[in-house]
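# Please find the sequence and the predicted model below.
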Amino acid sequence: MTTRLVVTGTPDPLWLAARAALRRKGAQTPEVPDVSLEQHGLRVDVDRLAAYSALCGFRLGSGLPVTYPLVLAFPLHVALMARDDFPFPILGAVHLVNRITWVRPVLVDEPLSLHVRAEGRRAHRKGQVLDLVTDLHVDGARVWHSTSTYLLRGTGDPNAPSIEPPPVADLSLGPVRWRVDADTGRRYAAVSGDRNPIHLSALSARPFGFRHAIAHGMWSYARVMAHTAARMPFAGTSTVWFRAPIPLPSTVRLATDGSGRQVALRGMDDRTVHLVTATNSFDEGH
Amino acid sequence: MPCCKGVAVSKSSPRRVAVLGGNRVPFARSGGPYAKATNADLLTTTLDGLVARFGLAGERLGEVVAGAVLKHARDWNLTRECVLGTSLDATTPAYDLQQACGTGLEAAILVANKIALGQIDSGIAGGTDTASDPPMALSDELRAVLLRLNRAKSPMDRAKVIASVRPGHLTPAVPQNVEPRTGMSMGEHMAVTAKEWGVTREAQDELAVASHRNLAAAYDRGFFDDLVTPYLGLSRDGNLRPDTTVEKLASLAPVFGRGEGATMTAGNSTPLTDGASAVLLSSADWAAAHGISPLAWFVDGQAAAVDYVNGADGLLTAPIFAVPTLLARHGLTLADFDFVEIHEAFASTVLVTLAAWEDESFCRERLGLPGALGSIDRSKLNVNGSSLAAGHPFAATGGRIVASLAKMLHEKGSGLGLISICAAGGQGVVAILEAA
Amino acid sequence: MGILGSDPYATLLATPLGKRMVDSFGLPKPATLRRYAVDAPLLDGPALLGWLGDDHPIADRIRAILDVEGVEVGDPFDTLPAAAVIVDLSDIQGPADLERLRAVVAPSLKRLMSSGRVLVIGRPEASATSAAQAAARRALVGATKSVAKELRAGATANLLLVAEGADDQIEAAVRFLLSGRSAYVSGQVIEVTGGGPAAERTEWTQPLAGKVAVVTGAARGIGAAIAEVLARDGASIVAVDVPAAGQALAGVANRLRGTALQADVTAPDAGERIVDHAQLRHGGLDIVIHNAGITRDKLLANTDEARWASVIGVNLESILRMNDAILRPGGVSDGGRMVLVSSIAGIAGNRGQTNYGASKAGVIGLTQYLGRDRGLRARGITVNAVAPGFIETEMTGAVPFATREIGRRLNSLQQGGRPVDVAETIAWLSQDANAGVSGQVVRVCGQSLIGA
């Protein structure tokens, strides 16, 4: 039976994460907890939204950026992952893929309900994956939905289905280049609350095997979505495949299919693909 | 129109310029609902609303001209950057313009002139301002240090430069609402002028109350349904106080001027405001081809300036001089206008303007007229409210007034409208619209 | 953090035992419905076509449509998979002829592909010439609805009644019912009453090309989806919504290259403003979709005058008032189309929605009245309604959780519909080629058990 936990305060992601990181728990727990964490009557803080919009390049309008509900849901994600019965450790899980579906734009002044649960733990070639599923309801109806797929590296199953983005060879590199500043991780941490040490500084990233701090995947995804915002469908689905972290600082290049529906962020070399996104209008199927 | 025999002039004969409509966001008190919205946010939103109202998505217009009085250095190409973020075709040219509070109206005059000359067929004139997000500059001292740091070659040199920073250098330069040449704020300037003209507190408060009531009534009858697009939860101007009364305003303490004769309060002065506006102008042919019926014709515009530093004129009195010039050019008198829109920077600005035009000796001596310019029937003045009620995001006021006046003239079906806007630096921009 | 008690029904479904119960009844696991795409074929596989009698003009017409669309017409008694089974029983004379329905459809059902179509053609019972014929014609209704409940995997069954003399006006309806446009329409009886002008050649990928369509309540939800689908089918869009929804409205209009009109549908001049705007900006007005609606739910015992008046005012009275301007000459063009959005609540009623149910039933009455109006028929104007069932959008969100979960499940397709499903039905009713359908109420409900 699904236990529905209604979160009434604002959980502090930093505290939860720190507590969870200290208590080493078994990645061997077989099941994902059958728990739905919920928050009701949530209001968008326009100041915070403005800071997020400015950092990612969105214009502050009456509709939320499609990526923004994940910022709102971040404390619930952490609260769920910090539970003793959650099978993955909170630090070290890799965000592989994220798929967002929206039925319509979510407006800044609407009261929101968030529902977060984990499901679909399954084998991957490099370990285990599971999905954090986030639903956003307005007036009780789901208007926005996200599936965030995380990988925990370990003994994998070579026969497991792979999670591959569409090919990027057809995407052409245009003139768009973005300088990603050294403090991008710290600035995104401040607006998103995601203070994972791998994003903050080279020093704090090193214990986790990174020579540099790396940009938040969700920042780079949001930056791409902001760039193509004028061509977003009213209702649709957007998927991002995170391929390679963006070291800080660095310069990235944008490759698109011309319509802005498919985009790749590439490095300055010819090999590196940082992420790939694909966006479809709701009725084009997915 | 001067003409030269034997030269083909048909191309350059001026065309009539149509005002097709406008859009703005509700104006918000500074630090309120739009506290975190930038000029680019406000202007992009406003342009997109205008584009939607007239079905211009994907369309290339002749140009978009807009500006902001308080502008960040990063917004050096504000209007063009905003156009790129809208649904307009990305090949629509755009540029910034700034003439203090006259920005919006001056932008409209510029676009109208280009249309009249046949250089463009359509264009948007607009303006945006946010007093909530003012640009702050580094102190001159700190800028000098940073430039030196940039040039420093060795770590030692850099360390030396950094060591030269003093705490005082870190104080930013904040834009101030004062005239650079006098150090006086606009309100203080106006207080002097108001005192000179003997404008009473009661008259100012009555004008303010009328502004609030007129604006509220216009909202109630749906006048702004096709002029305003809500933004960030605000659907009416945040400064609007429909229930204000002369009694309530009388209780406020003066904020400008000193002592006995001080009459200017927060109630009869405009507050700092955030907002943006935009107006769509075109040739008659372009309007017809797009199935848009003009609301009004943009007849003509005029700017004037006064020497408020060394001369005898008040900072905000330049429209008093601009209007007679414009009227003379068209053989019109004040009585010929069905609507008069005088921007209410302060209630006293409007009252001084009216008083000056009624003052025979002033008109004779200063305006070079044979007698008084005339008086304006109060029932024709700011009939749907003005800046005291709506607020005054500097560069956005011109667009607000042009669009509203055009609609008023269209609703009436005939007649002329006059716009008068005072601006910092002793300037004034005025214009005439005619019902279409 | 605290724990919120869940409602018993949802809890039941969430328990392992509940899940097993649901599984053993063979209920959920909803199929992915085949939905329309511009470049999608009419059907994904061959169609089986059966008929009654020697002379079968309707079956011939349908075969012609299938030929044009490159759909292979298979043998009803073959065993290969089929995307549709169509049986023309327009010539049915008495109960004995019903065997033909069984004979054609029964063996086909096992071969029916997912999102397959069962289309039964009959005649209206009202024009039957014998008691036996009336009985048999009516029997098709019960048979089709039962078949719809037997189907699985997103397949639908519908009955198309063709009035005598309207045979040449069925093409739009046939195409609609076979295509993915009718994904969430099942168990319905649709009548082609005829009386419209003979359909001209239609460009079926852009059936609304050159048309000007007004959609009220277009800023979000079903209204935005309607605007989107009408634009996709070629119409120029006037998107109307209240001034307070202006920014969302601007987004819809700009994306669809249409125009936004901020207007309150209850304003006395709303109809004139809509007509003026469409005529002036777009040079005409061909399609009007009355979609704007609100809910103010409360048990009637607790419903005050304001809650009552606002719902009746927005959902019903405003349409009557706007129609004064829209339906008079100079408003909607001759040959125009009007579609009203009703609701399943207007058919079945809904606890706590007395005001809403009243208004939406009123919409049906209005539609049926206008659909019969001789003046409008003479001008070639059709008036129809759609009644959405459980559609995943914010309006249904006001329904309590348990009712909503039941609503989602209690239909033959075992899932909620999407706004686009309602929009597709409206777009079909808006086609020129659909001149023969007027005064109809088409439920877009996946054959909901509610109000069936």
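Great, that's in hand.
# List, one by one, the residues from the stretch 51-200 of chain B near chain C.
For the stretch 51-200 of chain B, the residues in contact with chain C (Cβ under 8 Å from any Cβ of the partner chain) are B:V51, B:A52, B:R53, B:F54, B:G55, B:A57, B:G58, B:T86, B:S87. To be clear about C-beta, it is placed using only N, CA and C from the backbone, and glycine gets the same treatment.
# I'd like to know which of these are buried.
Neighbour-count burial (16 or more other Cβ atoms under 10 Å in any protein chain shown) applied to those gives B:V51, B:A52, B:R53, B:F54, B:G55, B:A57, B:T86, B:S87.
# near chain A, from the residues of the stretch 51-200 of chain B next to chain C?
B:T86, B:S87.
# Dump the residues of the stretch 51-200 of chain B next to chain C into CSV; add pLDDT, secondary structure and distance to C:G221 as well.
As requested, these are exported to CSV (pLDDT from 0 to 100; DSSP: H, G, I helix; E, B strand; the rest coil; distance: Cβ to Cβ, whole Å):
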residue, pLDDT, secondary structure, distance to C:G221
B:V51, 94, helix, 23
B:A52, 91, helix, 18
B:R53, 93, helix, 22
B:F54, 94, helix, 25
B:G55, 91, coil, 22
B:A57, 89, coil, 21
B:G58, 89, coil, 25
B:T86, 90, coil, 25
B:S87, 88, coil, 21
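# how does the chain divide into domains?
Picking chain A for this. A:1-153, A:166-286 (automatic domain parsing).
# right idea, wrong chain: chain C
Split into domains by automatic domain parsing, chain C comes to C:47-192, C:212-444.
# Tell me which of these sits most buried.
Most buried of the domains of chain C by mean neighbour count (mean count of other Cβ atoms under 10 Å in any protein chain shown) is domain C:212-444; its value is a mean of 22.
# could you say what helices and strands the strand of greatest length in chain C packs with?
The strand that spans the most residues within chain C, counting by DSSP state E, is strand C:112-122. Contacts defined by 3 or more Cβ pairs under 8 Å, 6 or more residues apart in numbering or on different chains; DSSP states H and E place strand C:112-122 against helix C:57-68, strand C:82-88, helix C:98-109, helix C:131-150, strand C:156-162, helix C:171-178.
# And the ones you listed: which comes nearest C:G45?
Nearest of the helices and strands packed on strand C:112-122 to C:G45, taken as Cβ to Cβ: strand C:82-88 at 3.7 Å.
# Show me what the mean pLDDT comes to for the closest one.
If you average the pLDDT over strand C:82-88, you get 91.
# For that strand, which outside residues touch it?
C:43-52, C:56, C:58-59, C:62, C:71, C:74, C:76, C:100-101, C:104-105, C:108-109, C:111-113, C:116-121, C:178 (Cβ atoms under 8 Å, 6 or more residues apart in numbering or on different chains).
# Dump that strand to CSV, keeping only the CA atoms.
Below are the C-alpha coordinates for strand C:82-88, written out as CSV (Å, rounded to 0.1, in the frame of the first residue of the first chain):
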residue,chain,number,x,y,z
ALA,C,82,-7.8,-5.9,-39.5
ALA,C,83,-7.8,-2.2,-38.5
ALA,C,84,-11.6,-1.8,-38.9
VAL,C,85,-14.7,-3.7,-39.5
ILE,C,86,-17.5,-1.8,-41.2
VAL,C,87,-21.0,-3.2,-41.7
ASP,C,88,-23.7,-1.4,-43.7
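# on that earlier part again, Throw the helices and strands packed on strand C:112-122 into TSV and include distance to A:I198, thanks.
Below are the helices and strands packed on strand C:112-122 laid out as TSV (distance: least, Cβ to Cβ, whole Å):
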stretch	distance to A:I198
helix C:57-68	60
strand C:82-88	52
helix C:98-109	57
helix C:131-150	55
strand C:156-162	51
helix C:171-178	54
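# Could you list the low-pLDDT ranges of chain A?
Chain A contains residues with pLDDT under 70 at A:1, A:9-11, A:14-15, A:17-30, A:140, A:282-286.
# and if we set it to 50?
Counting by pLDDT under 50, chain A contains low-confidence residues at A:27, A:283-286.
# for chain B, what are the nearby residues on it?
Contacts of chain A with chain B, taken as Cβ under 8 Å from any Cβ, map to A:46-47, A:49-51, A:53-54, A:59-62, A:108-109, A:229-230.
# What would I type in PyMOL if I wanted to highlight the buried members of those and nothing else?
Buried residues within these, by 16+ other Cβ under 10 Å, are selected in PyMOL with:
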select buried, chain A and resi 46+49+50+51+53+54+59+60+61+62+108+229+230
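# quick one, what contacts residue 266?
All of this is about chain A. A:V168, A:L173, A:V252, A:R253, A:L254, A:A255, A:T272, A:V273, A:H274.
# not what I meant, chain C
C:G313, C:V314, C:E317, C:S318, C:R321.
# element containing the fourth one, please.
If I follow you right, that is C:S318. helix C:318-326 (DSSP states H and E).
# and after that helix, which helix or strand comes next?
Next along from helix C:318-326, by DSSP H and E: strand C:337-341.
# Kindly provide the whole-number mean pLDDT of the next helix or strand after that following strand.
Next helix or strand after strand C:337-341 toward the C-terminus (DSSP H and E): helix C:345-348. Confidence for helix C:345-348, expressed as mean pLDDT, is 88.
# I appreciate the help and will end here.
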